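Q: Pasting a predicted model and its sequence here:
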Amino acid sequence: MIRCIAAVLASCLLATSPITAKERVTPRAVAITVEADRVEGTLPPVWRFFGADEPNYATMKDGRKLLVELGKLRTGDVFFRAHNLLNTGDGTASFKWGSTNVYTETKDGKPIYDWSHVDRIIDTYLARGVRPYLQIGFMPEAMSSAPAGVPYQHGWRPGFDYKYIISGWAYPPKSYDKWRELVYQWTRHNVARYGRAEVERWYFEVWNEANGAYWEAPREDFYKLHDYAVDGVRRALPTARVGGPDSAGAGGEFMDGFLRHVTSGTNYATGKVGTPTDFLAFHAKGQPVFVDGHVRMGISTHLKEVDRGFVKVTAIPALAAKPVVIGESDPEGCAACPGPENAYRNGTMYSSYTAASFARIWELAARRRVNLDGVLSWSFEFEDQPWFAGYRQLASNGVALPVLNVFRLFAQLGPERLRATSDAQVPLERIVAEGVRGAADIGTVATRLADGRTAVLVWHYHDDDVAGPPAAIRLTVRGVRGGKATIWRVDDQHGNAFAAWKRMGAPLNPDATQYAALEAASVMQPQPVALTPGAAGAAVAGFDLPRQGVALVMLDGR
């Protein structure tokens, strides 16, 4: 916890890094042009996926509150992925742990199924407009083949070496038939409880990062685990949407073997050729570091892994058109791990990174002709922790962080992508290769909504969390006649509860009045933007965008 508080203090100091007087008064002029009558393709709402290690947080007070906000983003089309849904235990949450006790055995080895905890979690999702991206894992204690003496629940804490994560839950089953039957009974129960049409909308995938720290067996044993689980799901619901394998990174030889196995290998469960596969999933993470007294993000590392994953999952013709989900896509790999390199999380470093990285993931998917269905942010909340404790999350003590507001901006984008250019946007090839280490990346994505409005997203990003001059944006929108424009902002002064908390003296325990003020500060307030006529009938708007700021301009004119 001391390290977490240190990370917060570091980010507070970084937010007040000195800049020269010239930088204060000399904004960088940026020209952004949008052609509202020129559609260049679609913009799939890939941002609508979230996840967390700790499934039981979803049923707690702040977890329930945050799920409401996620559900509002795109009601019925937001998905949540959680680890530990099959773990043995009493349902008490802790860091990187959760349990539901779905499976125990009698003394003579007969199965006992108890769906009460896991039903409560799924009920909580659905009541708030969120659906499961259902991870089938990890191994119930009575079924685990862990050697004698290996503890079942891990003893990891924030600050511990990550090796302490692994314990008895990470081993294969003693009986693959019992494993398949558990998955069958769970799916059958879900269909009976929620209805076939509902469960058909879910995603089903097996385990997590079996090529990394989460699997204590050879890769072929995971392929077997996967086959038996998919067979159990499909026996209960032949139309279920199944896929995977949610590998760590692009997956290397593990992913190559998996793709061969599900297309041309012998299915361990059925003896047939191949395994049903409706979507493919891998993970991609960045790599922030702490240098010269500040955080330096690793967006290049993140985007390179995304691109490697896209190349890999489209390499086999039979799978090339399958929907793809980046099942975890984040600035780094451990939401619960503190440290000075992770001091980006509370403020606008995280929100501006999110805007800049998603924009490039959309670009990479289009370039690689990937059927990109989802990009899952492994960010939720940590219940009953100190305010702004430095974990990777969307809200602190029930109050939204700036990054959540970027997802609210994404939710206002339309389905048709318009031609848009910024003379200060770092080209895709360069940001993938080098990140943003020179001039800041001031870029844009523009869309047309179904009702004809034009939404323009603009961000001001740099890898280095240091102060810099604002951008003076001149936004020219061609093909729009008249109308009004509105702007939503996320920066140090707008939609930012963390900045407000620092301004009120960083109270350890805000009282009710302060809490209300923090909630109010977290909310973006729409503001009018003046439109002036430009050349050839274009509409022109001007506004400043601070470093690490994100804004969305909505033009009502048709």
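A: Great, that's in hand. Numbering: from 1, shown residues only.
Q: Please identify the buried residues of the longest helix along the chain?
A: Criterion DSSP state H: the longest helix present in the chain is helix 348-368. Residues of helix 348-368 classed as buried: 348-366, 368 (neighbour count, 16 or more other CB atoms under 10 Å). In short, each C-beta sits where N, CA and C put it, glycine included.
Q: Isn't Val39 up against Gly414?
A: No: judged on CB atoms under 8 Å, Val39 makes no contact with Gly414 at a distance of 10.1 Å.
Q: ok, the two, which is more surrounded?
A: Gly414 (20 against 14; other CB atoms under 10 Å).
Q: mind exporting stretch 187-207 as CSV, just the C-alpha atoms?
A: C-alpha atoms of stretch 187-207 as CSV (Å, rounded to 0.1, in the frame of the first residue of the first chain):
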residue,chain,number,x,y,z
THR,A,187,-24.2,-24.0,-19.6
ARG,A,188,-27.3,-26.0,-19.3
HIS,A,189,-28.2,-24.2,-16.1
ASN,A,190,-27.5,-20.8,-17.8
VAL,A,191,-29.9,-21.6,-20.6
ALA,A,192,-32.6,-22.7,-18.2
ARG,A,193,-32.1,-19.6,-16.0
TYR,A,194,-31.6,-16.9,-18.7
GLY,A,195,-33.1,-18.4,-21.8
ARG,A,196,-31.5,-19.7,-25.0
ALA,A,197,-31.7,-16.4,-26.9
GLU,A,198,-29.9,-14.6,-24.1
VAL,A,199,-27.1,-17.1,-23.7
GLU,A,200,-26.5,-17.3,-27.4
ARG,A,201,-25.4,-13.6,-27.2
TRP,A,202,-22.6,-14.4,-24.8
TYR,A,203,-19.0,-15.2,-25.6
PHE,A,204,-17.5,-18.5,-24.2
GLU,A,205,-13.8,-18.9,-23.9
VAL,A,206,-11.5,-21.3,-21.9
TRP,A,207,-9.0,-20.1,-19.3
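Q: Which residues does it contact?
A: 79, 81, 113, 115, 119, 122, 126, 131-138, 214-215, 222, 225-226, 229-230, 232-233, 235-237, 239-246, 279, 281, 325, 327 (CB atoms under 8 Å, 6 or more residues apart in numbering).
Q: Just confirm His226 is within a strand.
A: No: per DSSP: H, G, I helix; E, B strand; the rest coil, His226 lies outside any strand segment and is helix.
Q: List the buried residues in the host helix or strand of Val30.
A: Using DSSP states H and E, Val30 falls within strand 28-42. For strand 28-42, burial by neighbour count (16+ other CB under 10 Å) applies to Arg28, Val30, Ile32, Thr33, Val34, Glu35, Ala36.
Q: Can you name every helix or strand that it contacts?
A: strand 416-422, strand 441-448, strand 454-461, strand 471-478 (3 or more CB pairs under 8 Å, 6 or more residues apart in numbering; DSSP states H and E).
Q: Parallel or antiparallel, list what pairs with that strand.
A: Strand pairing for strand 28-42, determined by DSSP bridges: strand 416-422 (antiparallel), strand 471-478 (parallel).
Q: and among those, the most buried is which?
A: strand 471-478 (a mean of 22; mean count of other CB atoms under 10 Å).
Q: rewinding a little: please list the outside residues in contact with the strand holding Val30.
A: 366, 415-424, 440, 442, 444, 446, 448, 454, 456, 458, 469-480, 545, 555.
Q: how does it look with 6 Å?
A: With contacts defined as CB atoms under 6 Å, 6 or more residues apart in numbering, strand 28-42 is touched by 415-424, 442, 444, 446, 454, 456, 469, 471-480.
Q: Just list the residues touching the residue most central in space within the chain, thanks.
A: Central residue of the chain (CA atoms, centre = their mean): Ser377, 0.6 Å from the mean position. Contacts of Ser377 were listed using CB under 6 Å, 6+ apart, and they are Phe50.
Q: Please look at Ala217 and Pro172 and confirm they touch.
A: Yes: between Ala217 and Pro172 there is a contact under CB atoms under 6 Å: 4.8 Å.
Q: which one of those two has more residues nearby?
A: Pro172 (20 against 14).
Q: Backbone dihedrals for that one, please?
A: Phi and psi for Pro172, reported as degrees, to the nearest 10, are phi -60, psi 170.
Q: list the contacts for it?
A: Ser145, Ala217, Asp221.
Q: would you list these in CSV and tack on pLDDT and distance to Thr59?
A: Formatted as CSV, the contacts of Pro172 follow (pLDDT from 0 to 100; distance: CB to CB, whole Å):
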residue, pLDDT, distance to Thr59
Ser145, 98, 30
Ala217, 97, 31
Asp221, 98, 33
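Q: Would you mind putting those residues into a markdown table with distance to Arg74 alongside?
A: Formatted as a markdown table, the contacts of Pro172 follow (distance: CB to CB, whole Å):
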| residue | distance to Arg74 |
| --- | --- |
| Ser145 | 41 |
| Ala217 | 38 |
| Asp221 | 37 |
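Q: of those residues, closest to Pro507?
A: Taking CB to CB as the measure, Ala217 is the one of these closest to Pro507, at 48.7 Å.
Q: which residues touch the helix or strand hosting Ala281?
A: According to DSSP H and E, Ala281 maps onto strand 279-285. With CB under 6 Å, 6+ apart as the test, strand 279-285 has contacts from 243-244, 246-248, 250-251, 302, 305-306, 309, 313, 322-330, 332-333.
Q: pLDDT on that strand, on average?
A: Per-residue pLDDT values across strand 279-285 average out to 98.
Q: Beyond it, next helix or strand please.
A: Downstream of strand 279-285 (by DSSP H and E), the next one is strand 289-291.
Q: Any buried residues in that following strand, and which?
A: Phe290.
Q: could you point out which element follows that strand?
A: Counting by DSSP H and E, what follows strand 289-291 is strand 294-296.
Q: gap between that next one and the chain center?
A: Relative to its chain's centre, strand 294-296 lies at 21 Å (CA atoms, centre = their mean, to the nearest Å).
Q: Other residues contacting that strand?
A: Leu14, Pro288, Val289, Ala343, Tyr344, Asp463, Asp464, Asp465, Val466.
Q: Give me the distance between the second one and Gly333.
A: Taken as CB to CB, to the nearest Å, the spacing of Pro288 relative to Gly333 amounts to 10 Å.
Q: Wait, a strand at Val553?
A: Yes: checked against three-state DSSP, Val553 lies within a strand.
Q: Any figure for the gap between it and Leu225?
A: Taken as CB to CB, the span from Val553 to Leu225 is 49 Å.
Q: What of Leu552?
A: 43 Å.
Q: what about the nearest residue to Arg345 once chain neighbours are set aside, how many residues close to it?
A: Leaving aside its chain neighbours, Arg345 sits nearest to Arg392 (5.1 Å; criterion: CB to CB, 6 or more residues apart in numbering). Counted by other CB under 10 Å, the residues lying close to Arg392 total 25.
Q: ok, Arg392 touching Ser379?
A: Yes: the criterion here is CB under 6 Å, and Arg392 meets it with Ser379 at 5.3 Å.
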